[in-house]
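In: predicted coordinates and the sequence they were generated for:
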Amino acid sequence: MKELRRLRGVGEVLSRRMVDAGLHSCERIVAAGEDGLRRIRGMNPRMIPSILQQAAEQAGEARPGRAERIAELKRSAAALKEVLEAGARDLRDRLGEELVGDARRLEKEFVKTLAALGNVEGRLESRVKKAGKGLARAERKLARLTDTGTDRVARGLKKARKALKKVYR
């Protein structure tokens, strides 16, 4: 029962009920899946995915190896670089005449963000967890930039760059 109580959302009573249902280890919880956990009285349905994920991590099934995680982050960084380059082209196409005054400022923001992304790529090996979080945040910030004006694009790029800088500080 102590192993089960390490899972966030599982207390003493719920762990006892899980053991009574035959789920006395994380491996068994993963094997039972959502249906098995739903049958347990008192189980919060919103906590089931979280409990399954935690159990899988403790069982050692859900954790990708370090090399796989680094390869995944490198693919993510390359995709983010493509998004930045496509965003710059799209902005140029969409706001061609408007960009005349703001072109210099936006160009600098794109260059700075690409440089920050390059720094993150250089530190992927040593800061895997931070890099994953920073890339995810930057991706979310950049996703919001479609169909916005130049001021919003500049602010979004600054926010994305700030998220990336947290990786290598």
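Out: Thanks, I have it.
In: show me where pLDDT drops low in the protein?
Out: Confidence mapping of the chain against pLDDT under 70 gives the ranges 61-64, 95-102, 146-147.
In: can you pull out the helices in it?
Out: With DSSP state H, the ranges of helices along the chain come out as 2-5, 12-20, 26-38, 48-59, 66-94, 99-122, 128-143, 150-168.
In: from residue 37, how far off is the residue positioned nearest the centre of the chain?
Out: Closest to where the C-alpha atoms of the chain average out (Cα atoms, centre = their mean) is residue 136, at 4.2 Å. Relative to residue 37, residue 136 is positioned 27 Å away (Cβ to Cβ, to the nearest Å). Backbone N, C-alpha and C define where each C-beta goes, glycine included.
In: now the residue nearest to the centre of the chain. Nearest residue, chain neighbours left out?
Out: residue 76 (8.0 Å; Cβ to Cβ, 6 or more residues apart in numbering).
In: ditto for residue 37
Out: Per Cβ to Cβ, 6+ apart, closest to residue 37 is residue 48, 4.9 Å.
In: quick check, that neighbour in contact with residue 35.
Out: No: using Cβ atoms under 8 Å, residue 48 is not in contact with residue 35, being 9.6 Å away.
In: the two - which one has more neighbours?
Out: The residue with more neighbours, out of residue 48 and residue 35, is residue 48; 18 against 8, by other Cβ atoms under 10 Å.
In: contacts only, for the residue nearest to residue 37.
Out: Residues near residue 48 by Cβ atoms under 8 Å, 6 or more residues apart in numbering: 34, 37-38.
In: quick check: domain ranges of this protein?
Out: 2-59, 66-168 (automatic domain parsing).
In: next, the distance between the ends of the last one.
Out: In this case it means domain 66-168. In domain 66-168, first residue to last residue: 19 Å (Cα to Cα, to the nearest Å).
In: do the first one as well
Out: Distance between the boundary residues of domain 2-59 (Cα to Cα) amounts to 14 Å.
In: so how far is that domain from its chain's centroid?
Out: 24 Å (Cα atoms, centre = their mean, to the nearest Å).
In: how many neighbours does residue 108 have?
Out: 12.
In: give the contact list for it.
Out: Contacts of residue 108 (Cβ under 8 Å, 6+ apart): none.
In: and the residue nearest to residue 139 when sequence neighbours are not counted, what does it touch?
Out: Closest residue to residue 139 apart from its sequence neighbours, by Cβ to Cβ, 6+ apart: residue 80 at 5.9 Å. Residues near residue 80 by Cβ under 8 Å, 6+ apart: 117, 135, 138-139, 142.
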